[in-house]
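Participant: okay, here's the prediction I keep looking at, along with the sequence it came from:
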Amino acid sequence: MERWRRLIGHEGYLVADLRLSTPAEGGRSRAVQSGYHAQWWLVGDGETWLGSGPIDLLDERRSIKPGEAGRVAIRPMDPSAWRTVGPQDVLHLRERVGQTLAIATVQDRIRVPDEAPLQFDAVPLRPGEARLERRGSLLQRVLDLVRPKGERR
């Protein structure tokens, strides 16, 4: 299970039809799969950044290749930014400003709350991810950061 799934504080999602841009259109050269951690912009009269919304592929697809279309579930990380998003809204998936990698048209909004805090305490570290530090060395680093430069040892 991807780490982001444990962070999201709700079960809601948006159903959307997504078309992945080709490299000639400024898109990526690789396919996207379920779990792709996307950044979304709402495009209409202007552009509004909505934030992260990882996707799950629907209709039993394993991937969507450049130039192809498919149905996806977009899972907003911070649903408060997505309050006004609903059916027929157009979303742009981007990895950097101005580069549209895909366009999604929202078809349905299912159980997306107005607000839901992220569940930071629900993400345990695997043994290989944990770093242990001696208490003294961590304390010394903190003290070095807060002491005036003339008082450092």
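Facilitator: On my side now, so go ahead. Numbering: from 1, shown residues only.

Participant: remind me which residues of this structure are low pLDDT?
Facilitator: 1-3, 120-143, 145-153 (pLDDT under 70).

Participant: hey, which strand is longest across it?
Facilitator: Secondary structure of the chain per DSSP state E: the longest strand is strand 99-110.

Participant: contacts for that one next, please.
Facilitator: For strand 99-110, contacts defined as Cβ atoms under 8 Å, 6 or more residues apart in numbering pick out 12-21, 26-28, 32, 38, 40, 71-72, 74, 85-95. Quick note: C-beta positions are derived from backbone N, CA and C, even for glycine.

Participant: equivalent analysis for stretch 81-92, please.
Facilitator: Contact with stretch 81-92 is made by 14, 16, 40-44, 47, 49-51, 53, 74, 76, 100, 102-109, 112, 114, as judged by Cβ under 8 Å, 6+ apart.

Participant: hmm, which of those are the buried ones?
Facilitator: Among those, the ones that count as buried by 16 or more other Cβ atoms under 10 Å are 14, 16, 40-42, 50, 53, 74, 76, 100, 102-104, 106, 109, 112.

Participant: quick check: the farthest pair among the residues you listed?
Facilitator: T100 and V112 (23.0 Å; Cβ to Cβ).

Participant: now do the same contact list for L57.
Facilitator: 32-34, 63-64, 70-72.

Participant: tell me where the protein has helices.
Facilitator: 3-7, 135-146 (DSSP state H).

Participant: partners of the most centrally placed residue in the chain in the sheet?
Facilitator: Nearest residue to the geometric centre of the chain (Cα atoms, centre = their mean): S52, 2.9 Å. Going by DSSP bridges, S52 is paired in beta bridges with Q39.

Participant: go ahead and confirm it touches Q39.
Facilitator: Yes: if you go by Cβ atoms under 8 Å, S52 and Q39 touch, sitting 6.1 Å apart.
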